[in-house]
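Asks: next one to model:
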Amino acid sequence: MARPRIRIPYTDLFPPPRPVPRTASSLPGAVAALHEFLLSPPPRDRNLPGGTVVLTGAGLSVASGLSDYRGDRGTYRTNKSYRPIYYHEFLASHEARKRYWARSFLGWGALRHAGPNAGHRAVRDLAAMGLVGRVVTQNVDSFHARAHPELPTLELHGYLRSVVCVTCRREMAREAMQAELARLNPPWDEFLRRAVAEEGEGAHAIRTNPDGDAEVPGAPYTTFRYPACPTCLRDPPPGIAAVVEVDGDGAWSPTSNAGILKPAVVMFGENIADHVKLAADEAIDGAGRLLVLATSLATYSAWRLVKRAKDRGMPIAVVNLGGVRGEDAFFAGLDPHQTGAQGVRVDMSTDVVLPALVRELQRNPFRRPLVADVDGGRERGTTG
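Replies: Alright, predicted model coming up:
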């Protein structure tokens, strides 16, 4: 197969960030700045609505045991040869689908046994305080939905909890898919059972990437089998020359041209649905502030939302360990003496900063905090 021409953007580290305000370089200073950011009204001259929308990325789930892509220990750092499967490859190649589903089969257990961490729960708590009204996430692990089902969450890149047929668009639970993959591939199922038994139930016996797949060097991916869409197999779609055939065990046959199941995620090179893009735009436009958590904004679909917020004059806060794509532009033009109301940049882990922020807000839910005066070394009040 020809080498894909799509380039994975920004696999190198971004330049280190500058804290905004300068006091945000320490945990107390970061908490004070974010406290002020969340409690300050939006700029009056912009006629913005109130409330905060949150945009999250893969770094938020690192504390849950998953990998991110571009962090210091992310997939692109630790495995220079790693490339996600491209959407057009998945559609065109039976062999590519074998490889994808084999890797997904191996990695699913780690994702299934993982769950929301302190960062997700802090977002829940901020919503309970009335400070966050909506979440837009790039993550496909569904941890937000599990941590705060009552808080509206838009999954920008889809979700791994389901698979979807590319022909009829019917969805199927990923757990049911896993059971079918195990049934069709007894040697792989036995290998996975042994790996889990050796590491302990729920342990990450196999390193898993953010999208839930895992790789075992030298694994015989060509032997792997995957099922056909049960709906298309039972009732082929009318009006098209659809052929869905299976072998004696029910595995999809390469004589087919339909009934292919894919993860219900936006694969690399696949377009985000128009209605999802519109909903993301509406989430930004319906808020007065944007809180960006644990993402380098390397993907355009996320970066453009922050750019939209900046163009609307919304205050922006970014909490991410490491640099962020184009971040200097997001904090350009701020008053150098502002202490958080106009914008915040924190270079720390969300599972450290967010719980500390929640504790401070629970102690002082309405009072704007004291912040360190970096010029004079004194504390000065910002209450009022």
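Asks: every contact and neighbour count from this point should use C-alpha atoms.
Replies: Will do.
Asks: residues near N139, how many?
Replies: The local packing of N139 (other CA atoms under 10 Å) involves 26 other residues.
Asks: numbering from 522 from now on, please.
Replies: Right, with 522 as the first residue, what we last looked at is N660.
Asks: any idea how far L799 is from H634?
Replies: 33 Å (CA to CA, to the nearest Å).
Asks: so which strand or helix has T752?
Replies: Using DSSP states H and E, T752 falls within helix 751-755.
Asks: and the next helix or strand after that helix, what's buried?
Replies: Using DSSP H and E, the helix or strand that follows helix 751-755 in sequence is strand 782-786. Across strand 782-786, burial judged by 16 or more other CA atoms under 10 Å covers 782-786.
Asks: how about stretch 543-552?
Replies: For stretch 543-552, by 16+ other CA under 10 Å, it's 543-546, 548-552.
Asks: same check on stretch 863-880?
Replies: 863-872, 874-879.
Asks: cool, stretch 755-771 as well?
Replies: Buried-residue list, stretch 755-771, by 16+ other CA under 10 Å: 757-758, 763, 765-767, 771.
Asks: give me the distance from it to the chain's centre.
Replies: On the basis of CA atoms, centre = their mean, to the nearest Å, stretch 755-771 sits 34 Å off its chain's mean C-alpha point.
Asks: likewise stretch 550-561?
Replies: On CA atoms, centre = their mean, the centre of stretch 550-561 falls 24 Å from that of its chain.
Asks: show me the strands in the protein, by range?
Replies: Using DSSP state E, the strands of the chain run over 573-577, 655-658, 674-676, 679-686, 692-694, 782-786, 810-814, 837-840, 864-867, 892-894, 899-901.
Asks: how about residues contacting the longest one?
Replies: Residues external to strand 679-686 that are found in contact with it (CA atoms under 8 Å, 6 or more residues apart in numbering): 660-663, 691-696, 698, 732-733, 750, 780-787.
Asks: ok, 7 Å please
Replies: 661-663, 691-695, 750, 780-787 (CA atoms under 7 Å, 6 or more residues apart in numbering).
Asks: please work out how many residues are found near the residue nearest to P605 when sequence neighbours are not counted.
Replies: Sequence neighbours aside, F789 is the residue nearest to P605 in space, at 6.9 Å (criterion: CA to CA, 6 or more residues apart in numbering). Residues near F789, counting by other CA under 10 Å, number 17.
Asks: ok, now which ones touch F789?
Replies: Taking CA under 7 Å, 6+ apart, one finds 605-608 in contact with F789.
Asks: identify the bridge partners of it.
Replies: Y607 (DSSP bridges).
Asks: so which two of the buried residues of stretch 755-771 are the farthest from each other?
Replies: Maximum pairwise distance among the buried residues of stretch 755-771 (CA to CA): 18.6 Å, between P758 and G771.
Asks: contact partners for the spatially most central residue of the chain?
Replies: Nearest to the mean C-alpha position of the chain, by CA atoms, centre = their mean, lies N660 at 1.9 Å. Contact partners of N660, counting by CA under 7 Å, 6+ apart, are 578-579, 676, 678.
Asks: biggest separation within those residues, which pair?
Replies: A579 and E676 (12.3 Å).
Asks: what about those two, which has more around it?
Replies: A579 (24 against 21).
Asks: gap between that one and H858?
Replies: 32 Å.
Asks: go on, T544?
Replies: From T544 over to H858 (counting by CA to CA), the distance is 11 Å.
Asks: now do A838
Replies: Distance, A838 to H858, using CA to CA: 16 Å.
Asks: neighbour-wise, which of those two wins?
Replies: Neighbours per residue, other CA under 10 Å: of A838 and H858, the larger number sits with A838, 26 against 9.
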